[in-house]
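1. what's the 3D shape of this:
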Amino acid sequence: MRTLDFAPLWRSTIGFDHLADLVDSTLRQATEDNYPPYNIERFGEDHYRVTLAVAGFGVQDIAVTAEQNVLTVEGRKPDGAAREYLYQGIAARPFRRVFNLADYVQVKQASFQDGLLLIDLVREVPEAMKPRRIEIGTAASSSPQIAQKKAA
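-> Predicted coordinates for the structure are as follows:
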């Protein structure tokens, strides 16, 4: 089952058009290869970590880019001296990994440790977007005072 019918959903929602694009692009990416392997971890309510296994790559061979709601990790080994392998089990081919980020998720830092690329993410919702409690007043105290002009 590769096709999904979102028509009933779109009839009752407004402004979620990007959701269909996101689902469609995810289904298309499923056919791509899974190199390099990665993990996505969650630490608490708003902290995440993406870990990519990038054995054979150095810090200078990897580019991490964050723009709007997309995190892109690209790796490319420089063309060096040609080697003659009897067996090559460590892949060093170029890669490009794209992660779609939710609103207000920001990349905090990226580090390289033991052949793993660690990318820390945090969701920082602006204060204006956070839920706030509204005080309920009495009808007498909350009714607006309307000043009437006297006709001259």
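
2. now the chain, which segments are flagged as low pLDDT?
-> Along the chain, the parts satisfying pLDDT under 70 run over 1-4, 6, 9-22, 24-33, 140-152.

3. can you map out the strands along this protein?
-> According to DSSP state E, the chain carries its strands in the segments 38-43, 47-53, 62-67, 70-75, 95-100, 105-113, 116-123.

4. export those to TSV and append columns for mean neighbour count and distance to A81.
-> C-beta here means a position set from N, CA and C on the backbone, and glycine is covered the same way. What follows is these, written out as TSV (neighbours: other Cβ atoms under 10 Å; distance: least, Cβ to Cβ, whole Å):
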stretch	mean neighbour count	distance to A81
strand 38-43	12	30
strand 47-53	18	25
strand 62-67	14	21
strand 70-75	17	19
strand 95-100	16	22
strand 105-113	13	24
strand 116-123	18	25
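
5. with adjacent residues omitted, what lies nearest to the spatially most central residue of the chain?
-> The chain has L101 as the residue nearest its centroid, 1.4 Å off, counting by Cα atoms, centre = their mean. The spatial neighbour of L101 that comes closest, neighbours along the chain excluded (Cβ to Cβ, 6 or more residues apart in numbering), is N69 at 4.7 Å.

6. doesn't V105 make contact with the one you found?
-> Yes - under the contact definition of Cβ atoms under 8 Å, N69 touches V105, with a separation of 7.5 Å.

7. can you put the strands of the chain in a markdown table and add distance to V23?
-> Compiled in a markdown table, these are given as follows (distance: least, Cβ to Cβ, whole Å):
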| stretch | distance to V23 |
| --- | --- |
| strand 38-43 | 18 |
| strand 47-53 | 20 |
| strand 62-67 | 21 |
| strand 70-75 | 15 |
| strand 95-100 | 10 |
| strand 105-113 | 18 |
| strand 116-123 | 21 |
